[in-house]
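**Q** Sequence and predicted model, in that order:
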Amino acid sequence: MKAPWSIAILVTFAVTLGCDPVIENNKPQIGIRTRTSANLQSFNTCQDLAASLRSNLQEEMRVYLLSLDDYWYYGPMDGDANAPTAGGAESSGGGQRTEGVDYSGTNNQETGVDEADFVKTDGYFIYTLNGNRLEIMGVPEFGELTHVSSTTVEGHPMAMLIGDDKIVVFSNIYTYNLPEDHPLRAFVGRDEDGYGWWWRSQVLTKLTVINIADRANPQTLRQMYLEGYYQTARKVESSVRMISFSWMDIAGMMWWPELPDDYYNLDYDDPRRQQIWDNAVIAAIRHNDAVIAQTPLSDFVPQIYERFQNDAVVEHPFTTSSCTAFQMAQDGMSHGFSSILSLDLLGPTFAFDADHIVSNWSTVYASTDTLLIAEPSHDWWWFWNNDNFDEASNIHRFDISVAGQTRYTGSGRVDGHLRNQFSLSEHNDFVRVASTTGFNRWWSDEPREFENHVFVLAGENSLEEIGHVGGIAMGEQIWASRFIGDKGYLVTFLQIDPLWTIDLSRPGSPEIIGELEVPGVSTYIHPLGDDHLLTIGYGGDENGLDWATQVSIFDVSNFAAPALSSALSLAPEVEGDGWTYAWSEANWEHKAFQYWGPMSMLAIPLSTYRYVYDDVGYYSHYEYVSMLQLINVDTGAGLSRHGTVDHSDFFNQEQEYWWDWRDVRRSIFMGDFIYAISDRGVTASRISDMSMVASVDLPGTGYDEWYWGW
């Protein structure tokens, strides 16, 4: 990933703070900041990168300490004085079974771009991450199910991607849980003088590449560890790109001013108290500045480690002689990193490439040739005492049309924040963004009114705004968005849910065409042909939401006058008192939403639970309802319940105190059958009569596996 330009930068910010905080009237002050550009700039030298990261962290820590103020009369809680804060599967075998025709795959945002998930299938096998294991089940014939193998995966497996006879599994590993004899322990943490054992990064993202040519005996081919949190991954053909986010914990930082005992004995309004506080804050800032100034670059940046079969570990540093793999927006002030790891699943050597953006936590979108990384332009602390700015988001664009290569092609900036990946789209080289402005800083006395926008950006070496429509649903926020070709759809909500239709056929002049107000709100929009939308959300009335899961069909054949065709409220049909409300993971995770076009049928999970007491009124245990709802989807006749796959017995047979996952979380249509996957089992049911025809029990996620990751 290389910028179209490469210039050495020592980032200079419009901040009036020097080596010490500005002092006015014996009180430290916060400087004034300005914005310039979101365009990424490369670092020619590692010295420049180190200077920028040190400057950013020093300023963030100054503002953090100054924002505390002395209203914390009783001081920090015990033990928290220095606590840091944290800012489609491909066919295998003979190729006779085709995704989208014979079986359903992952519900991906874009055709041709497979999104990592913890359940995958190639039509012949079902792969699921269960606890700390990769479980493989065979489907010799549709409706059948056999357990083939179980492979332990280190850490907390989060998601995977498959390609022919290889799987790459992404897992998070908490560094403080590394066993004493783990070969990586010496690399990611060490005993610092005066600071005790110090972990560089709280979390590692591990990539485990597994050969599954023999499904009964999978073999680990490669193990790589990247410092930071796993975010998401995409696969286009055989090219995989994984995105993680990291920030390095710097040893010796003061997150709270060191106050003398006399401070807590003074009355709250005693003027000496404020001066003691101010002096302590200044001392803490000076201490942090000194620690940061002496911190080497290697302690700021994430590293990749490769582990071999003999437990040897090779470190792949990115700052040995050049730091051109690191880039940052011209006015960026973060010390976190969005890292892009690129590899080819089918490559003979599994060579990889890693690139890093100095950024805030990001939202990721990908088409077959474009990767977008959207980040808040500045974190909350940047606005402290400088809140005359609206929140904004940087949109960084990368060309991924060449397998294994990720090339930066420009950035842009839009007002507001993005809700999720569906707030982004790329179509015919135009980038479309849906955002909401008006997110108020928690210290603000004058709340800003919410306003929603759609922006269109374009350009070869940068992303410039060429079209914009704003003023959408003043006072409301975006709950769902979807871009489909030259059309856009927004759902905003305050008390009544408006569905907005947007014409994007003229990128320079996007236009609101239609609006529909209906009770409730949609959280996910799924295209249903050219003229209809299938959504999931919550029901309600003119007074607001009832929080009951609801699916709806909207007729958008008349783009200027969208209409609600059908709505179906879903609730488990259970008898007795004490049941809580029912929820569906599909309301916030689109991969749990499985629409199968060949049968015009929707499968979504639905769960609830209640406390059960014994005969004398004492607490006994929990009782669970865990099911998969199948819904007939007919644009003419509307929505109707078809049947239910019930996994409740998996969770009610053992009287566990609590389950981490007691939901049917994913589903796969295969021929005339529906496969349901939960933490404790996989079942196959005949769709015609909903009879269960096959079942495999799974060990599930145990406490030790989830907490320790071993």
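**A** Good, I have the coordinates.

**Q** if you average pLDDT over stretch 494-508, what comes out?
**A** Mean pLDDT, stretch 494-508: 92.

**Q** Dump it to PDB, restricted to CA.
**A** Listed next in PDB are the C-alpha coordinates belonging to stretch 494-508 (Å, rounded to 0.1, in the frame of the first residue of the first chain):
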ATOM      1  CA  LEU A 494     -37.200   9.200  16.700                       C
ATOM      2  CA  GLN A 495     -40.700   7.900  17.300                       C
ATOM      3  CA  ILE A 496     -42.100   7.100  13.900                       C
ATOM      4  CA  ASP A 497     -39.900   5.300  11.300                       C
ATOM      5  CA  PRO A 498     -39.400   7.200   8.000                       C
ATOM      6  CA  LEU A 499     -38.100   5.300   5.000                       C
ATOM      7  CA  TRP A 500     -36.300   7.600   2.600                       C
ATOM      8  CA  THR A 501     -35.600   6.800  -1.000                       C
ATOM      9  CA  ILE A 502     -32.700   8.600  -2.700                       C
ATOM     10  CA  ASP A 503     -31.900   8.900  -6.400                       C
ATOM     11  CA  LEU A 504     -28.200   8.600  -7.000                       C
ATOM     12  CA  SER A 505     -28.300   8.200 -10.800                       C
ATOM     13  CA  ARG A 506     -26.700  11.700 -11.000                       C
ATOM     14  CA  PRO A 507     -23.800  11.500  -8.600                       C
ATOM     15  CA  GLY A 508     -23.300  15.200  -8.500                       C
END
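
**Q** quick one: buried residues of that stretch?
**A** By neighbour count with 16 or more other C-beta atoms under 10 Å, stretch 494-508 contains the buried residues 496, 497, 498, 499, 500, 501, 502, 503, 504, 507. From N, CA and C alone the C-beta is placed, and that goes for glycine too.

**Q** Among the residues you listed, which lie within helices?
**A** In helices, defined here by DSSP state H, there are no members of those.

**Q** Next, the buried residues of the lengthiest strand in the chain.
**A** Assignment by DSSP state E gives strand 619-634 as the longest strand of the chain. Neighbour counts over strand 619-634 (16+ other C-beta under 10 Å) mark 622, 623, 624, 625, 626, 627, 628, 629, 630, 631, 632, 633 as buried.

**Q** got it, and stretch 454-461?
**A** Within stretch 454-461, the residues scored as buried using 16+ other C-beta under 10 Å are 454, 455, 456, 457, 458, 459.

**Q** Next: stretch 639-652.
**A** Neighbour-count burial for stretch 639-652, with 16+ other C-beta under 10 Å as criterion, is recorded at 639, 642, 643, 644, 645, 646, 647, 648, 650, 651, 652.

**Q** which residues in the chain form helices?
**A** So, for the chain - with DSSP H - the helices run 46-68, 185-188, 261-265, 271-294, 648-652, 703-708.

**Q** Residue 342: which of those is closest?
**A** Minimum separation from residue 342 across the helices of the chain (C-beta to C-beta) falls at helix 46-68, 20.8 Å.

**Q** helices and strands around the closest one, which ones?
**A** Other helices and strands packing on helix 46-68, by 3 or more C-beta pairs under 8 Å, 6 or more residues apart in numbering; DSSP states H and E, are strand 27-29, helix 271-294, strand 352-359.
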